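Asker: following is a predicted model, sequence given first.
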Amino acid sequence: MKNRMLALLLAAVMLLGLAGCGKREEPVEPAVEPEPIEEPIQEPEPEPEPYVPAGTDPLTGLPMEPKYEKNRPVAVMFNNLKAAQPQLGVSQADIIYEVPAEGGITRMLGVYQTLEGVGTLGSIRSARSYYLELALGHDALYVHAGGSPGAYRDIPAWGVDNMDGVNGGSDAKIFWRDQERRKTMDYEHTLVTSGEKIQEYLNAGHFRTEHRDGYTYTQSFAEDGTPAGGAGAEHVTLKFSNYKTGTFDYDAATGKYLVGQYGKEYVDGNSGEQVGVTNVLVLETAISLIPGDAAGRLNVKLTGSGKGTYFCGGRAVPIQWSKADRNSQFVYKLENGTPLTLGQGTSYVCIMSPKTSVLTYHQIT
């Protein structure tokens, strides 16, 4: 009996020891949610600043590559007969001059500070002495096809560097007859050239292609050339003759005058777009028949001074113009003698006689 009790006691002690050796269960900690990782905010890339050339076009006041600033401009003689429309490349000219020729027609001279990117130009027509004077006023290289007897006399006498599509030598190779125009136009309206062909010829060293040291343009420009206190002039009409009337309608969205002639839009055949210009200048002068000229050719007085009207921004003011001699630039002044500041952009200069042409303008209400 004693032994049995001892055995039970030992068994109880062993059970207690085993219980004491068991692992203590720890309380379960609740799971911790990880902190969200904040992604860095991606700032949008800034738009690159538009490239603006460091130079200035002396004919427009607009930015241009500095390497072109000292160029001698190229002045191109454009046919402006109704049957010769559309002209090609005229919208890329920095300045367009329009002057009467014989029989009530007009011709145009487009002046280009650079030929970079200028495509086909035409159709090209013949020279007149007063167009030579316009070219000389810019120290320009003159492109034409033939000329009046007076022009052929004056080209060598006045030292005009010219490229002739009719009586030229090697320079005549820059011209060709446009086959598309030949399908619908008379032969005389099909002679064209191009900015590329002219530039190739000039690169061969035939003429001096930069102004001489010290040459400067006197015309100043402003971002907004709208004349202060000017009269309303959103629609301008210049009746050169019974044959030719030009119109200029101000487009506030572009700040340009949109040009029309022959009762419709004046369109550049290269682009199919209407020609638009920032500045319109109408210069009054004496125009008369050349005595004894059987073709009715004209003398146009471009030296000296005269009256005119300046249009920009839908407004108009009277001006005075002057040109000291055939090699000088036009100088424009307000009536009080203050130099005229043009708007930055292209210009269209109409030269007319108040005896034979009529200028009208008004505000569109």
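Answerer: All right, it came through fine. Since we're looking at a predicted model, the values are computed, not measured.

Asker: can you map out the helices along this structure?
Answerer: For the chain, helices defined by DSSP state H occupy the ranges 2-21, 129-136, 149-158, 179-182, 195-203.

Asker: could you measure from residue 253 over to residue 331?
Answerer: 32 Å (CB to CB, to the nearest Å). To be clear about C-beta, it is placed using only N, CA and C from the backbone, and glycine gets the same treatment.

Asker: and for residue 47?
Answerer: To residue 331, residue 47 is 42 Å away according to CB to CB.

Asker: if we can go back for a sec, ok, residue 253 and residue 331, which is more surrounded?
Answerer: A count of neighbours by other CB atoms under 10 Å puts residue 331 above the other of residue 253 and residue 331, at 15 against 5.

Asker: list the contacts for the more buried one?
Answerer: Going by CB atoms under 8 Å, 6 or more residues apart in numbering, residue 331 touches 218, 321, 322, 323, 324, 339.

Asker: closest to residue 280 among those?
Answerer: Residue 280 has its nearest neighbour among the contacts of residue 331 in residue 321, at 13.5 Å by CB to CB.

Asker: and that closest one, how many residues sit next to it?
Answerer: Neighbour count of residue 321, defined by other CB under 10 Å: 23.

Asker: run through the bridge partners of it.
Answerer: Bridge pairing for residue 321 (DSSP bridges) gives the partners residue 306, residue 332.

Asker: same deal with residue 257?
Answerer: Beta-bridge partners recorded for residue 257 (DSSP bridges): residue 250, residue 277.

Asker: got a list of what it touches?
Answerer: Per CB under 8 Å, 6+ apart, neighbours of residue 257: 236, 248, 249, 250, 251, 276, 277, 278, 280, 311, 348.

Asker: same question, residue 225
Answerer: Neighbouring residues of residue 225 by CB under 8 Å, 6+ apart: 278, 279, 312, 313, 341, 342, 343, 344, 345.

Asker: pull up the gap between the first one and residue 92, please.
Answerer: Summarising the geometry, the distance separating residue 278 from residue 92, computed by CB to CB, is 14 Å.

Asker: in terms of neighbours, single out the busier of those two.
Answerer: Remark: of residue 278 and residue 92, residue 278 carries more neighbours, 24 against 21, as counted by other CB under 10 Å.

Asker: surely that one meets residue 256?
Answerer: Yes: in this structure residue 278 lies within contact range of residue 256 using CB atoms under 8 Å: 5.7 Å.

Asker: quick one: low-confidence parts of this structure?
Answerer: Applying pLDDT under 70 to the chain flags the ranges 1-36, 38-39.

Asker: so what's residue 87 up against?
Answerer: Contacts for residue 87 (CB under 8 Å, 6+ apart) come out as 78, 79, 80, 108, 122, 123, 268, 269.

Asker: in JSON lines, list those along with neighbour count and distance to residue 307.
Answerer: As requested, the contacts of residue 87 are exported to JSON lines (neighbours: other CB atoms under 10 Å; distance: CB to CB, whole Å):
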{"residue": "78", "neighbour count": "25", "distance to residue 307": "26"}
{"residue": "79", "neighbour count": "22", "distance to residue 307": "29"}
{"residue": "80", "neighbour count": "22", "distance to residue 307": "24"}
{"residue": "108", "neighbour count": "19", "distance to residue 307": "22"}
{"residue": "122", "neighbour count": "30", "distance to residue 307": "34"}
{"residue": "123", "neighbour count": "28", "distance to residue 307": "33"}
{"residue": "268", "neighbour count": "18", "distance to residue 307": "31"}
{"residue": "269", "neighbour count": "19", "distance to residue 307": "35"}
